[in-house]
Structure formats: C-alpha cells, structure tokens
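S.K.: All I have is the shape, not the residue letters:
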C-alpha cells in the first residue's frame, strides 16, 4: 500500500544547538530516505535557529538497553563510591588536591 | 448527569476517552502497578519502554493523538486567511504560525508513536471521523479579527492547559509540550497584537474586533471541558500525573487572566453575568451553554463537516506526492545497490 507512511521509515533526530555542544535527541519523524529525513528535521526542529547540525538515524538501527535490565546494568556502580574524589579524606591544610 | 464526550482543550480531555481508559482493577493488584505508581508519585518520568498499566497507555494514546489531531485541524480556520492577510508581514506571521501548528501535530504524533501505535492508524481515525479533536476548531473565521481572537483566546486557553502538561508523567509527551509551549507564546502575542491594532483603529475595525470576541469567548471557555463535577476521568489522570489541574481551575484562571486583557483593548466580554468577586480575587462568569458544546462534539458544529472534508481532500490531493517520494526512494536505493554489486 503506497498511500501509507508506514512504508516511510522512522528516523530519530539529533540536533547540535551550536558548535561545541553535543548533538541531542529532539524527537522523531517519518521520511522516505535520509535526505528527506534531514530536510524534514530542518523544517520540524530548527524553525527558530535551534541548531547548526542535524543527525538522522533510522530508529530501527538504534540498539537500546532494556529498562528491565536497569538494575543489573547500573546498580553495581552504587557501592563503588571510591570511584569518586569525595570518598577520600584529605586534611584541609593540604592545598590544591 | 455523566458526560462521555467532554473536551479538554486540544487534548479533548479525559472525559472523552472511552471506558477502556478507566482503570482496570485486575491490573491494579500487581507489584508492577505499585512500583509504577511509586515512581509517578516520586515525580519520576515514565519512558516508552518502561512498564506501564495498559489503561495508562490507552489514556495517553487517546489524549496525545486527540491533541495532535487538534493541532492539524487547527491549521484550517487560520489557513483560511493566509491568502487574505492584510499585509505581507501579517501573511508571513500567519504562515509561520500555521506551520508551527503542523509542527506541533508532528511532535505529538511522534510522542504517540512511542506508545506503540502507528501514525497512519491515528491519521486514518481522524480522516474516517472516528477520532475527536478540539471542538473549538469547528467554528468559522469570517473576518481578519477572528485570526486575532484565535491567537489571543484559543492559543491563550491552550497555553493555560499545556503549561502543566510540560510536567506530565510521560516523558515523550512532557518533552513535546515543552517545545510546543515555547512556540505558543508567539501565537498568543501576535493574536493579541492584531486585536490591539483593530481596537485602536476605525470604528468599523473596533467593531470587527468586538464581533470576533463575541464569537470566540464562549467556545474558548468550553475548551477546558466539562465542569469538574461531570468529569469522570479526572481523578485517575491526576493520580497518574497526566493531568495536574482540574478543568474548572484552569477555566477560572483563564478568565482571571483574560478579562483585564479585554478591558485593556476596550472590548466587552459578551457575558452579562461577568463580575469581579473581590473577596475571592476572581472574576465570576455566567453559565456555559453545554448543549452547544455537546452538539459541536457530536459533529453538529458550524464547520465540523467542512473541516473533515478539507483534511480528506488535502490527504487525497497529496497522495501523488507521497507516492512519488516512495518511488524516488526505491529508485535511489536500487541504484545504490546495483552500483555496490
């Protein structure tokens, strides 16, 4: 069925607000190809100078972690407080450390 | 009396959601549900892949898609004036505003899609007349002043409802609303400025502004949906932190903000019962004609048929463009493949 944007893949759009900053996810859109994705992203997400660069990534190409795995993936870091500088007690008289 | 067909601004409201959006008691019992509610209570955002109750998902799909449809249909009453805007500047402003509305629809369809429903299905529902959209867009825009009144009142009412939605518990909806709210302020201010210009103009111009206010005032108040007493989904939506304030609270706030703005314009709010309640620090207003609201919702408003026909026509007339885009992409892909081979 050609009258159906279901045939139009979903792209995730990332915008760099200005040089020096990371590209940030802003949303998604449907487009028939990469070029249309960029053109639509420009119309949709940068109408007020919100960006200087656009990345468009096919949503189906994104590999994501499962929220159900969040505990196993991210929990172990919690008891590793020694990874943070504040874990170490250094006397005040020691400067610039 | 229970109202099944309320409209809560662009979102059409939880009142217009079906029975399946009420909570399912069986579903409640699980620990998943408790953990979900604990997260919501702690103001944590729920993201697309997180576990959520089915009724929460269904409520969001209806609310966000109705909101999206409202943005898309909302392009029509104003689009009506693009070719006849009184100056080149006004024309460019109006084009930008209508383009924003289309953009808002696109952000919201995107947010709905994160809940596992396709955009085509949603648009199909709109074109078939099965989906609801805000009652306000079924009113006509006979004069240029209506464009001003829409920006001032309709977008003003929308902002009142949408600002709290920026804190909605569902992440993608909240993020879309942040983007939308940033843009709505321009819409409201340009509308008020049109009204200002007209009310400071000739007698005929001021009269035109007054007539537009007369036309849009009551429908704007109806945008907030049925009164709290008759709003059956509100409590659940509040618990889920989809909704933050009741219909009546938001309506009152809108009236309190808007009456002084009308006074500044030297225009009269078309409500003989409107009066200032100094003790309560509120403006008290007359009774809303809920019968009119019901009629418009049921499809018997002044422009319901015209709006849907315009949407269908645009969809049909754009078919060849969509087909061409797909054919072009296929050809390019084939060419790339043959070169690679």
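M.R.: Great, that's in hand. These numbers come from a predicted model, not from an experiment.
S.K.: hang on, residue A:24 in a helix?
M.R.: No. Secondary structure assignment places residue A:24 outside any helix; it is strand (DSSP: H, G, I helix; E, B strand; the rest coil).
S.K.: Report the beta-bridge partners for it.
M.R.: On the basis of DSSP bridges, residue A:24 takes part in beta bridges with residue A:15.
S.K.: before we move on, what about residue B:46?
M.R.: residue B:170.
S.K.: can you tell me which residues contact it?
M.R.: Shown here is residue B:46, whose contacts under the criterion Cβ atoms under 8 Å, 6 or more residues apart in numbering or on different chains are B:36, B:39, B:40, B:52, B:56, B:169, B:170, B:171. No exception for glycine: its C-beta is placed from N, CA and C like everyone else's.
S.K.: With neighbour count and pLDDT as added columns, please give these in JSON lines.
M.R.: Converted to JSON lines, the contacts of residue B:46 look like this (neighbours: other Cβ atoms under 10 Å in any protein chain shown; pLDDT from 0 to 100):
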{"residue": "B:36", "neighbour count": "20", "pLDDT": "94"}
{"residue": "B:39", "neighbour count": "16", "pLDDT": "94"}
{"residue": "B:40", "neighbour count": "19", "pLDDT": "96"}
{"residue": "B:52", "neighbour count": "22", "pLDDT": "95"}
{"residue": "B:56", "neighbour count": "26", "pLDDT": "96"}
{"residue": "B:169", "neighbour count": "24", "pLDDT": "97"}
{"residue": "B:170", "neighbour count": "29", "pLDDT": "97"}
{"residue": "B:171", "neighbour count": "16", "pLDDT": "97"}
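S.K.: Where do the strands of the chain begin and end?
M.R.: As the question left the chain open, I've gone with chain A. With strands called from DSSP state E, chain A shows them at A:10-16, A:23-30, A:53-58.
S.K.: wait, chain B
M.R.: Counting by DSSP E, residue ranges of the strands within chain B are B:275-277, B:282-284.
S.K.: Now do the residue in chain B that chain A sits nearest to, the pLDDT please.
M.R.: At 3.8 Å from chain A, residue B:329 is the closest residue in chain B, using Cβ to the nearest Cβ. On the pLDDT scale, residue B:329 is placed at 92.
S.K.: That one is in contact with residue A:32, isn't it?
M.R.: Yes. Shown here, residue B:329 and residue A:32 form a contact pair, counting by Cβ atoms under 8 Å, at 3.8 Å.
S.K.: Looking at those two, which is more packed in?
M.R.: In terms of neighbours (other Cβ atoms under 10 Å in any protein chain shown), residue A:32 is the more surrounded of residue B:329 and residue A:32; the figures are 22 against 19.
S.K.: Could I get the full set of helices for chain A?
M.R.: Along chain A, counting by DSSP state H, helices occupy A:34-45, A:70-74.
S.K.: Out of the ones you listed, indicate the one that is most buried.
M.R.: Taking mean count of other Cβ atoms under 10 Å in any protein chain shown as the contact definition, the stretch among the helices of chain A with the greatest mean neighbour count is helix A:34-45, which reaches a mean of 18.
S.K.: That helix to strand A:23-30, inter-axis angle?
M.R.: For helix A:34-45 against strand A:23-30, the angle by axes from the mean of the first three to the mean of the last three Cα atoms, to 10 degrees is 110 degrees.
S.K.: which other helices and strands contact helix A:34-45?
M.R.: Judged by 3 or more Cβ pairs under 8 Å, 6 or more residues apart in numbering or on different chains; DSSP states H and E, helix A:34-45 is in contact with strand A:10-16, strand A:23-30, strand A:53-58, helix B:88-113.
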